[in-house]
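Sequence first, predicted model second:
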Amino acid sequence: MIAGMPGDSQVYLNGEFMRVDEAKISVLDRGFIFGDGIYDVVPVYQGKPFRVDGHLDRLQRSLAALRIAPPMDRAGWADLVRELAARCPEPYCIVYLQVTRGVARRDHGFPAASIAPTVFGMATPFTPPTPESLARGMTAITIADERWLHCEIKSISLLGNVLAKQQALEAGVDEVVQFRDGWLTEGSSSNIWVVSGGTLLAPPRDNLILEGIRYGLLAELAQEAGVPFEARRLSRQEVLAADELLVTSAAREVQPLLMLDGKPVGDGKPGPVFARLRAGYDARIAAL
Ligand code: PDD
């Protein structure tokens with residue numbers, strides 16, 4: 001039994017598709033022992049992957065950052081995403097791809113001999129936000145960002161993110177908004193956006209945040225909607241005084257954050273900039 005996952009779900013492991021309850025890896029896999037691996041998450045709508053090029057570019061960057069040789073080429077990854085999505089029983093699914101350095105005797109340094117990376121993939125159904133959930137919006141608390149200094153790598157070492165998310169759940173909210181030394185970074189598994197005086201603002205793309213695939217997309221949608229966009233450091237005061245706050249990620253898409261630390265954001269309702277960006281996002285999905 002795997003909690004929360006039907007045992008007959010199909011997954012991919014090292015070249016083969018199989019039932020999730022039959023997929024096994026070695027206890028010496030460096031992903032298991034050290035968190036020595038990377039992942040990516042691609043949303044798929046009725047069999048059509050969304051912004052897959054951006055996800056596969058980021059996967060390559062993550063592999064390069066860990067100096068893991070790509071286990072397959074670009075076309076191979078694109079096929080894998082499509083094949084996993086085809087095995088997903090629901091129309092909307094999240095395709096998860098993970099690569100670890102592989103299996104070797106436990107030693108912190110990379111193994112001297114070249115080893116085969118472990119490649120894992122699965123597709124799990126997700127429920128895109130509904131008009132009702134978007135009207136309700138999301139809630140969050142602010143916390144200090146206590147993660148490491150390479151948040152730009154989509155690493156499977158996610159303890160900081162896991163503990164941050166658990167803090168949100170125990171506070172009865174959906175997400176955290178993290179600050180490092182008083183400057184906005186991101187959520188536990190999402191990017192955070194500020195709207196102030198009609199301008200869309202986000203922290204710079206540096207080592208302190210993961211550059212979401214929706215980061216570039218929102219900048220594009222803002223331009224199309226005539227909303228000025230600026231990437232710069234954002235203080236806690238600016239975030240608390242925002243007219244609107246937005247949250248983006250593969251599964252959250254783009255959503256309004258309407259309550260922060262128990263206080264309404266702006267007038268507590270989804271704002272006009274959110275509405276324009278959301279319309280653009282919906283149009284992109286419809287055009288797939
Ligand atoms: N997380 N920042 C962090 C720390 C994230 O984990 C994510 C996504 C994002 C948004 O990235 P994107 O727009 O590419 O989804 C930002 C994924 C969904 C996850 O870990 O499941």
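Perfect, thanks for sending it.

Tell me which residue of the stretch 1-150 of the chain lies closest to the ligand.
Closest residue of the stretch 1-150 of the chain to the ligand, CB to the nearest ligand atom: residue 41 (4.2 Å). From N, CA and C alone the C-beta is placed, and that goes for glycine too.

Show the contacting residues for that residue.
When contacts are counted by CB atoms under 8 Å, 6 or more residues apart in numbering, residue 41 is found next to 55, 94-97, 250-251.

hang on, it in a strand?
Yes. With the criterion set as DSSP: H, G, I helix; E, B strand; the rest coil, the secondary structure at residue 41 is a strand.

which residues touch the closest residue to residue 179 other than its chain neighbours?
Once flanking residues are discounted, residue 179 sits nearest to residue 236: 5.4 Å by CB to CB, 6 or more residues apart in numbering. The neighbours of residue 236, taking CB under 8 Å, 6+ apart as the test, are 142, 179, 182-184.

now the residues you listed: which count as buried?
Neighbour-count burial (16 or more other CB atoms under 10 Å) applied to the contacts of residue 236 gives 179, 183-184.

ok, which of those residues also contact the ligand?
Checking the buried ones among the contacts of residue 236 against the ligand by CB under 6 Å from any ligand atom, not one of them is in range.

List the ones among these that fall in strands.
Taking DSSP state E as the definition of strands, these contribute 179, 183-184.

of all the residues you listed, which comes closest to the ligand?
In terms of CB to the nearest ligand atom, no member of those lies closer to the ligand than residue 184, at 12.3 Å.

If I look at the closest one, what pLDDT would I see?
In this prediction, residue 184 carries a pLDDT score of 99.

just checking, it touches residue 231?
No. Using CB atoms under 8 Å, residue 184 makes no contact with residue 231, being 11.4 Å away.

list the residues that contact both of these two?
When CB under 8 Å, 6+ apart defines a contact, the residues bordering residue 184 and residue 231 alike are residue 203.

okay, the contacts of residue 236 in JSON lines with distance to residue 285 next?
Listed next are the contacts of residue 236 as JSON lines, based on distance: CB to CB, whole Å:
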{"residue": "142", "distance to residue 285": "31"}
{"residue": "179", "distance to residue 285": "32"}
{"residue": "182", "distance to residue 285": "36"}
{"residue": "183", "distance to residue 285": "32"}
{"residue": "184", "distance to residue 285": "27"}
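
farthest-separated two in the residues you listed?
Across the contacts of residue 236, the two members that end up farthest from each other (CB to CB) are 142 and 183, 12.0 Å apart.

care to break this structure down by domain?
Per the record, the chain has its domains at 10-125, 131-287, by the TED database.

how about those domains in JSON lines, adding distance to residue 1?
Shown next, in JSON lines, are the domains of the chain (distance: least, CB to CB, whole Å):
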{"stretch": "domain 10-125", "distance to residue 1": "8"}
{"stretch": "domain 131-287", "distance to residue 1": "22"}
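
so the closest residue to the ligand within the stretch 51-200 of the chain, which of the three states?
Minimum separation of the stretch 51-200 of the chain from the ligand (CB to the nearest ligand atom) falls at residue 189, amounting to 3.7 Å. Reducing the assignment at residue 189 to three states with three-state DSSP gives coil.

And it, how close does it get to residue 74?
Residue 189 sits 25 Å away from residue 74, taking CB to CB, to the nearest Å as the criterion.
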